[in-house]
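Undergrad: what follows is a protein structure lacking sequence information:
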């Protein structure tokens, strides 16, 4: 699965030379139903999912009751991170 995501990124011009560097695309596997993975190069649920409002706000719009294993529901997490930097485009 991770190989496929990395292949899509490469195909769209992603260059992984600098950690946190500029990128054309960034694909992350955030969560899987009833699954947790801890392998070199892949951790699911994604380690940052519970603190990233730019992930939680749109995810809460489409799936607020998803339970992130060992962390909580998407809606509860959304309420805990706040909305700084989040805006609705019109």
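TA: Ah, there it is. This structure is a prediction, so every number in the text was calculated from the model and none was measured.
Undergrad: secondary structure element holding the most centrally placed residue in the chain?
TA: For the chain, residue 30 is the residue whose C-alpha lies nearest the centre (CA atoms, centre = their mean; 4.2 Å). Assigned by DSSP states H and E, residue 30 belongs to no helix or strand.
Undergrad: not counting its neighbours along the chain, what's nearest it?
TA: residue 46 (4.6 Å; CB to CB, 6 or more residues apart in numbering). To be clear about C-beta, it is placed using only N, CA and C from the backbone, and glycine gets the same treatment.
Undergrad: how deep is that neighbour tucked in, by neighbour count?
TA: Per other CB atoms under 10 Å, the neighbour tally for residue 46 reads 15.
Undergrad: wasn't residue 8 part of a helix?
TA: Yes: per DSSP: H, G, I helix; E, B strand; the rest coil, residue 8 lies within a helix segment.
Undergrad: any idea how far the closest residue to it other than its chain neighbours is from residue 82?
TA: With CB to CB, 6+ apart as the criterion, residue 8 has its nearest non-adjacent residue at 6.1 Å, and that residue is residue 27. Separation of residue 27 from residue 82 (CB to CB, to the nearest Å): 25 Å.
Undergrad: which of the two has more neighbours?
TA: Shown here are residue 27 and residue 82; by other CB under 10 Å, residue 27 has more neighbours (13 against 9).
Undergrad: what sits against that one?
TA: 5, 8, 9 (CB atoms under 8 Å, 6 or more residues apart in numbering).
Undergrad: over to residue 56?
TA: Applying CB under 8 Å, 6+ apart, the residues contacting residue 56 are 49, 50, 74, 77, 78, 81.
Undergrad: hmm, 7 Å instead?
TA: 74, 77, 78, 81 (CB atoms under 7 Å, 6 or more residues apart in numbering).
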